[in-house]
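Participant: sequence and predicted structure are below.
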Amino acid sequence: MNVLDYLVLLGTMVGIAAYGMWQTRGRGSLKNYLKGDAATGWGTIGLSVMATQASAITFLSMPGQAYESGMGFVQNYFGMPVALIIIAAVFVPIYRRLKVYTAYEYLGNRFDNKTRLLGAGLFLLQRGLAAGITIYAPAIIVSTVLGWPLNLTILFSGALVIFYTVSGGSKAVGLTQKYQMAVIFIGMIIAFVVLLEKMPQWLGFTDMLRVAGGMGKLDAVSFSTDYHKRYTIWSGLLGGVFLSLAYFGTDQSQVQRYLAGDSLRASRLGLMFNAVLKIPMQFFILLLGALVFVFYQFEQPPVFFNQTVWQAHAQGATGEELHSLQSQFVQVHAEKEASIRTWLNAQHAGAGAAEAAARTQMLAAQQTSDGLIAKTKDTLHAADPKASTTDADYVFITFVLHYLPHGIIGLLVAVIFAAGLSSSSSELNALGSTTTVDFYRNILCKEAADAHYVAASKWFTALWGVVAVGSALFANLVENLIQAVNILGSVFYGVMLGIFLVAFFLKRVGGTAVFFAALAAETLVLTGYFTLNIGYLWYNLIGCAACVLLSLMIQAALGLNARSAKT
Amino acid sequence: MMPPEDNTDRTENALTGTADESRNEPTGLPWFRTWRDVYLFVFSCFVLYVVLLTIFSRAFS
């Protein structure tokens, strides 16, 4: 990165944050601070909901995931449109009618205080943990690649998000997210155009797709019924519906975004905006990753994308082995490139037999290449078991830094930080709101002036910011960052959704039944997670089903006891 | 006598009329007069995406 890149990066990040703070200075009441000034239109809500979900890891990990494993991850989003329709039709009207600040306030209205506190507590636990990863994710990758000090990167981005979120509250979060999303869209489109521009001149767009598809990178939909397989249409639809229902319907970081709307219509249309655009957006990001893979079929990629780790070990005891693997990788890459060219030429000429032979050769070379990458990872792991051997998160940023022009590099790094800040701000805003409304005002300080609660909310938001930054400073890289966040969500969200579904649809179930059912269901999910080997999306379904069924059973048992006591 | 353990009645009173109001609220969109139409459109888009992605996967596999 040169001076121009740093100017673009800092100008974008600090400029948007400063604008958000200036526009929202002096927000008086608690309602204004937590919900905005009730003048937010559906477009801003839609972008805000999208920005909250799409964190930095979306733009760092997903292209890398497509590069490595193909586009199957898009199926994770198949449940989202259905879930958002249910939320818009059922959840949102109830939240708005009851004029709640948090989703858990509704649980207090519908059940009792202990169930409200359980819901709020589960949210604080899982979102508090995830908030650290949200700040850590872009910092670890960008600092590794650019050689920045990791702790300083975490502290700078953490301090920036804490400042504007504390200062302007919900309105500042929504306003900054609008501009951060604009930066993200512009940056990703430019990256896509430059990527196409950098491809070999003779390679048409259809040929690019043929190469990606031929190498198995475009298998977006799998109808496999193997439940061990992580991404299939079935896990995407079933698990995805439950995950999205839980995330958008019960996670305060999202609920707060659409409750900021000026009307029920604005909240609903903001959600529908996401229901229509989310799958194409994720498809676009994954396609970008698949095309980066195609690009690297004609440009020499590193055998291991996290070059900092590779270089460190290449100079150590395993250096000879690593260099030997790198040499073999370069040789196989040349053979693979030649076979891809032969395969495409045979396709254009309509020569069936030659095409089949070249395809076999191409796939064999790819297999050898994958084997060398795996061996490199094994060697690195053997040299240092603590070293991260997952390099998918480094694929896209490596491409950006090596092949994009200056200025655009700064913009793309800004995209990564903008996405991180937009997610973090929603999280901190929601964590602060929930602590203030569901714990502080509900238990500790019931009768105080509005200004007192605004001040408390600011302090709690800042406190959660410090917790998030603190946990980011001590976090270790978890396999794949986007999966880590989704796994964390899946372990807690199912039960949370179960509580809300009972609240909305099972009117005869009371607070005590659902409270103990939720505790039992969460224990079941955690036990399953640590002992079974099934796709994590299924835990949304298991947790939710267990909570609902146990609620019915406990309620039936309580009813029997009550009748026995009367007689 | 069992103590009241939930606030179902209170919530239901608060929600009286919610369903009708939310259904009747105008969408403000030119082509979709009811929310049912909006949801149907969104669902149709989703089905279209899945079909297109399946065709895409098969075409280039």
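Facilitator: Good, I have the coordinates. Please read these numbers as outputs of a predicted model, since none were measured by experiment.
Participant: run a quick neighbour tally on A:H348.
Facilitator: Using other Cβ atoms under 10 Å in any protein chain shown, A:H348 is surrounded by 11 other residues. (Glycine included, C-beta is placed from N, CA and C.)
Participant: and for A:H323?
Facilitator: Number of residues near A:H323 (other Cβ under 10 Å) recorded here: 12.
Participant: flag the shaky bits of chain B, pLDDT-wise.
Facilitator: B:1-23 (pLDDT under 70).
Participant: one more: chain A?
Facilitator: Applying pLDDT under 70 to chain A flags residues A:26-28, A:37-38, A:475-485, A:560-567.
Participant: from memory A:L118 sits against A:F515, does it?
Facilitator: Yes - between A:L118 and A:F515 there is a contact under Cβ atoms under 8 Å: 5.9 Å.
Participant: against A:W234, how distant is A:V491?
Facilitator: Remark: distance between A:V491 and A:W234 (Cβ to Cβ, to the nearest Å) = 20 Å.
Participant: sorry, slip of the keys, the one I care about is A:H333.
Facilitator: Distance of A:H333 to A:W234, computed by Cβ to Cβ: 36 Å.
Participant: check contacts around the nearest residue to A:G79 once chain neighbours are set aside.
Facilitator: Among residues not flanking A:G79 along the chain, A:G240 sits closest, at 2.5 Å (Cβ to Cβ, 6 or more residues apart in numbering or on different chains). For A:G240, the contacting residues are A:Q75, A:N76, A:Y77, A:F78, A:G79, A:M80, A:A83, A:L537, by Cβ atoms under 8 Å, 6 or more residues apart in numbering or on different chains.
Participant: make sure the fourth one is actually in contact with B:T54.
Facilitator: Pointing back at A:F78 there. No - with contact defined as Cβ under 8 Å, A:F78 does not count as touching B:T54 (11.3 Å).
Participant: now residue 52: which helix or strand?
Facilitator: Unless you meant another one, I'm taking chain A. In the assignment (DSSP states H and E), A:T52 maps to helix A:42-53.
Participant: um, chain B though
Facilitator: Taking DSSP H and E as the criterion, B:L52 maps to helix B:35-59.
Participant: next: A:G289.
Facilitator: Mapping A:G289 onto the secondary structure by DSSP H and E places it in helix A:264-298.
Participant: list of residues touching the helix or strand just after that helix?
Facilitator: Reading on from helix A:264-298 to the C-terminus, the next helix or strand found by DSSP H and E is helix A:307-314. With contacts defined as Cβ under 8 Å, 6+ apart, helix A:307-314 is touched by A:144-145, A:147, A:302-304, A:319, A:322-323, A:376, A:379-380, A:383-384, A:387-389, A:391, A:394, A:398.
Participant: could you dump helix A:307-314 to PDB, C-alpha only?
Facilitator: The C-alpha atoms that make up helix A:307-314 are tabulated as PDB, following Å, rounded to 0.1, in the frame of the first residue of the first chain:
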ATOM      1  CA  GLN A 307       2.700 -16.000   3.100                       C
ATOM      2  CA  THR A 308       3.700 -14.600   6.400                       C
ATOM      3  CA  VAL A 309       3.400 -18.000   8.000                       C
ATOM      4  CA  TRP A 310       5.000 -19.700   5.000                       C
ATOM      5  CA  GLN A 311       8.000 -17.400   4.900                       C
ATOM      6  CA  ALA A 312       8.600 -17.700   8.600                       C
ATOM      7  CA  HIS A 313       8.900 -21.500   8.300                       C
ATOM      8  CA  ALA A 314      10.700 -21.400   4.900                       C
END
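Participant: in it, what counts as buried?
Facilitator: By neighbour count on 16 or more other Cβ atoms under 10 Å in any protein chain shown, the buried set for helix A:307-314 is A:Q307, A:V309, A:W310, A:H313, A:A314.
Participant: give me the residue from chain A nearest chain B.
Facilitator: A:G213 (2.7 Å; Cβ to the nearest Cβ).
Participant: can you give me the neighbour number for that residue?
Facilitator: Neighbour count for A:G213, taken as other Cβ under 10 Å: 21.
Participant: how about it, phi and psi?
Facilitator: With angles defined as degrees, to the nearest 10, A:G213 sits at phi -70, psi -40.
Participant: mind listing what it touches?
Facilitator: Shown in contact with A:G213 (Cβ under 8 Å, 6+ apart): B:A59, B:F60, B:S61.
Participant: can we see that at 7 Å?
Facilitator: Neighbouring residues of A:G213 by Cβ atoms under 7 Å, 6 or more residues apart in numbering or on different chains: B:F60, B:S61.
Participant: before we move on, back to that, could you give the angle of the helix holding B:L52 to helix A:264-298?
Facilitator: Using axes from the mean of the first three to the mean of the last three Cα atoms, to 10 degrees, the direction of helix B:35-59 lies 10 degrees away from that of helix A:264-298.
Participant: which elements pack onto helix B:35-59?
Facilitator: If contacts are counted by 3 or more Cβ pairs under 7 Å, 6 or more residues apart in numbering or on different chains; DSSP states H and E, helix B:35-59 sits against helix A:80-86, helix A:264-298.
Participant: and those helices, which is most packed in?
Facilitator: Across the helices and strands packed on helix B:35-59, averaging neighbours per residue (mean count of other Cβ atoms under 10 Å in any protein chain shown) puts helix A:80-86 on top, at a mean of 24.
Participant: show me the contact partners of that helix.
Facilitator: With Cβ under 7 Å, 6+ apart, helix A:80-86 has contacts from A:240-241, A:244-245, A:248, A:271-272, A:274-275, A:278, B:39, B:42-43, B:46.
Participant: residues from the stretch 151-300 of chain A in reach of chain B?
Facilitator: Within the stretch 151-300 of chain A, the positions adjacent to chain B are A:209-210, A:212-213, A:218-221, A:264-265, A:272, A:275-276, A:279 by Cβ under 7 Å from any Cβ of the partner chain.
Participant: swap in 6 Å and give it another go.
Facilitator: A:L209, A:G213, A:L218, A:D219, A:A220, A:V221, A:L264, A:R265, A:M272, A:A275, A:V276, A:I279 (Cβ under 6 Å from any Cβ of the partner chain).
Participant: tally up the residues packed near the third one, please.
Facilitator: For A:L218, the tally of surrounding residues (other Cβ under 10 Å) stands at 26.
Participant: ok, it - contacts?
Facilitator: A:M71, A:A212, B:F60 (Cβ atoms under 6 Å, 6 or more residues apart in numbering or on different chains).
Participant: one more time with 8 Å
Facilitator: Residues near A:L218 by Cβ under 8 Å, 6+ apart: A:G70, A:M71, A:L209, A:A212, A:A290, B:F56, B:S57, B:F60, B:S61.
Participant: measure stretch A:76-83 end to end?
Facilitator: From its first residue to its last, stretch A:76-83 covers 13 Å (Cα to Cα, to the nearest Å).
Participant: would you mind measuring from A:A17 to A:I45?
Facilitator: Taking Cβ to Cβ, one finds A:A17 at 20 Å from A:I45.
Participant: for whichever residue of chain B sits closest to chain A, which non-adjacent residue is spatially closest?
Facilitator: Among the residues of chain B, B:F60 lies closest to chain A, at 2.7 Å counting by Cβ to the nearest Cβ. Leaving aside its chain neighbours, B:F60 sits nearest to A:G213 (2.7 Å; criterion: Cβ to Cβ, 6+ apart).
Participant: next: A:T52.
Facilitator: Nearest non-adjacent residue to A:T52, counting by Cβ to Cβ, 6+ apart: A:S426, 4.0 Å away.
Participant: report how many residues lie close to that neighbour.
Facilitator: Each residue near A:S426 was counted by other Cβ under 10 Å, and the total is 31.
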